[in-house]
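1. here are the coordinates; sequence isn't available:
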């Protein structure tokens, strides 16, 4: 379920009052009455004459000005109680009431008042009375209003001059522009100033028609929260955009293929037109926010500033490499505040990450500065950043030639990231023995028609993401249901077995997939979370199984031995590799991001390599040999040994490993703690004890021993924790032993 935004929660009483007032007029007039009601509220806030405003902008006299002014009185009273500037509240209330699926289809995620205010505060010291500001996708003007408030404060004369000369805007929607006009009108009582401002605005697609609005003019600042949407269309999105409901994995019932293909062609033509115009879109699928960011860079003058809210894909995606190269080259100051949606800024997944970005275009006399990256979070009525990390550009380029920026929270994490990467091995080079060949073997949507609900002759089990965990194939078993509504049960450690939701006939598989399914290969779950208990989960896939598209498989064609796959498995499931991966992902492990994480310098024939291969094979064997407390500890101790070997190969010391483990706060949350502590640390204690075995303190050894005696189990994910009685039984068994 998508979260209700903080902004909507605050404005809910005002929204309810407006809906009650709007509900009193005929349905065909409700949208116009709502707009006129908000314009009347703006006139009360700004102090301008409503009749003059209506005449100036040729607003239809559908409703008497005195009527709407009277109705707006209570609205203005409500707005003074909500805790945000009334102009920003009017902007939020003026937004078009489009259904969520239509807004998502267009990539429209409205700017939260906290983000608008925060970005304005970032920019204001770089602006003066002569600065010209552009928002090429202005919506209802919340960014322009926030900047005007930050620069002009309560000075009405200064504000009137500022609005009439300095504010330029464009949007596709005439209703949005009307909303933006009323938003900024809240800041002045001068209708002529509003008129002068609006004369600089235009209704257009700024990505294609910018010459109509501002010719070759450049600006002192460009601000935007552009659409976040790829110019593509899937069947799932097409159904939802038409008001239909469907969850992933479900069948396509009553699908209008003709209408879908017609819409798809329109999208393709638009994408091709954008790609021809914007260099950053010439590789991969066209993304609107990438085009808008390039447009902003083109329209801002040297020494000018860009304030733009973008998905975090800017700093991590393969498809944004060309844009990163341009921004890194053309901007001497780059400041990113990285946020997620847990503070309910947008009606999207709470895990979604985005950037409040402040950039300055190079000036001949300016100095190129390191990139500034700060984690930030939303609080009640503002955004609160942490201390920024300064990332040297040359250091970044040496470590990550694609210029992707690792998500490091502190200088210590940045130093550790640099240390590990400098020790690591690049496995993306085609001539490397580690160069992988990935494959998505079966598509859960495209191949759905071939799936069977029961095993039959000539069919093989279909492996889904839920079935894969660390060194475990068959970690969960299918029970009932379909798609996201499917029910699965967790199999205990040592009790892994493959009980799939679907089976697929071998004969329908393409030759390359059939060939792949006849061999041992590694597979990993590509749906994950940066803040999950663990992020990278991989298992060995034996012959006679086919993996769905959420479990990509890989082999190493330059060294086609199974041993290299077993070695990769041990590395990928380790804490150090996981920590590195968490610096570059959010919710998906794609090939580009996975290969950007360096491997430790270990080869299969080396002593540590042979030991890791042996451990990985033993773990695979143990996970289907029966469950017991002793078996779980045997598995945990093997995993700790593997992690220690990998950590040592990366050049880590004990402090480095401790810092890495701090990034996994969900570990052991269902294990019994020792010594009246708040929570268990049995995995951390075991790993550190194993890693530092030569000079390990007796304290670590004692902690591990106590944890074992009370029934705690290291390396046991929360989903696979047994009942308390099982733990106690295991602990009592150990006591007897």
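-> All right, it came through fine. Owing to the predicted nature of the structure, the values given are computational and were not obtained by experimental measurement. Residues are numbered from 1 along each chain as shown.

2. contacts for the helix or strand that contains residue 547, please.
-> Assessed by DSSP states H and E, residue 547 sits inside strand 546-547. Outside strand 546-547, the residues that touch it by C-beta atoms under 8 Å, 6 or more residues apart in numbering are 440-442, 460-463, 504, 509, 513, 517, 523, 541, 553. From N, CA and C alone the C-beta is placed, and that goes for glycine too.

3. so who does residue 619 touch?
-> By C-beta under 8 Å, 6+ apart, the residues touching residue 619 are 471, 635, 638-639, 642.

4. what about stretch 277-292, distance to the chain center?
-> 19 Å (C-alpha atoms, centre = their mean, to the nearest Å).

5. mind listing what's buried along that stretch?
-> By neighbour count with 16 or more other C-beta atoms under 10 Å, stretch 277-292 contains the buried residues 278, 280-281, 284, 286-292.

6. coming back round to it: next SSE downstream of the strand holding residue 547?
-> That would be, after strand 546-547 and using DSSP H and E, strand 553-555.

7. ok, that following strand: who's next to it in the sheet?
-> Taking DSSP bridges as the criterion, strand 553-555 sits next to strand 437-439 (antiparallel), strand 521-524 (antiparallel) in its sheet.

8. which outside residues touch the last one?
-> So that's strand 521-524. Residues outside strand 521-524 that contact it (C-beta under 8 Å, 6+ apart) are 463, 468, 473, 536-541, 547, 551-555, 565, 568-569, 572, 589, 594.

9. quick one: mean pLDDT for it?
-> Averaged across strand 521-524, the pLDDT comes to 98.

10. got the domain ranges for the protein?
-> Domain assignment for the chain, taken from automatic domain parsing, gives 6-229+287-378, 235-281, 393-422, 437-599, 618-736.

11. which among the ones you listed is found nearest to residue 608?
-> domain 618-736 (4.9 Å; C-beta to C-beta).

12. I'd like the average pLDDT over the closest one.
-> pLDDT averaged over domain 618-736 gives 87.

13. and what of stretch 567-578?
-> What stretch 567-578 shows for mean pLDDT is 98.

14. identify the residues contacting residue 59.
-> Counted by C-beta under 8 Å, 6+ apart, residue 59 has contacts 36, 39, 53.

15. how many neighbours does the last one have?
-> So that's residue 53. Neighbourhood size, residue 53 [other C-beta atoms under 10 Å]: 22.

16. tell me the pLDDT of the closest residue to it other than its chain neighbours.
-> In space, and not counting its chain neighbours, residue 53 is closest to residue 191: 5.4 Å by C-beta to C-beta, 6 or more residues apart in numbering. With respect to pLDDT, residue 191 scores 97.

17. wait, residue 191 touches residue 47, no?
-> No - the pair residue 191 / residue 47 is not scored as a contact, 10.4 Å apart, by C-beta atoms under 8 Å.

18. those two: which is more packed in?
-> residue 191 (22 against 14).

19. I'd like the distance between that one and residue 89.
-> In this view, residue 191 and residue 89 are 21 Å apart by C-beta to C-beta, to the nearest Å.

20. what do you get for residue 427?
-> Counting by C-beta to C-beta, the gap from residue 427 to residue 89 is 52 Å.

21. show me which of the two is the more surrounded one.
-> residue 89 (28 against 18).

22. now the protein, which segments are flagged as low pLDDT?
-> 1-3, 97-108, 210-216, 232-256, 694-697, 722-737 (pLDDT under 70).

23. residue contacts, residue 181?
-> Residue 181 is in contact with 57, 141, 194, 197-198, 201, counting by C-beta under 8 Å, 6+ apart.

24. most neighbours among those residues, which one is it?
-> Comparing the contacts of residue 181 on neighbour count, residue 141 comes out first with 32 neighbours (neighbours: other C-beta under 10 Å).
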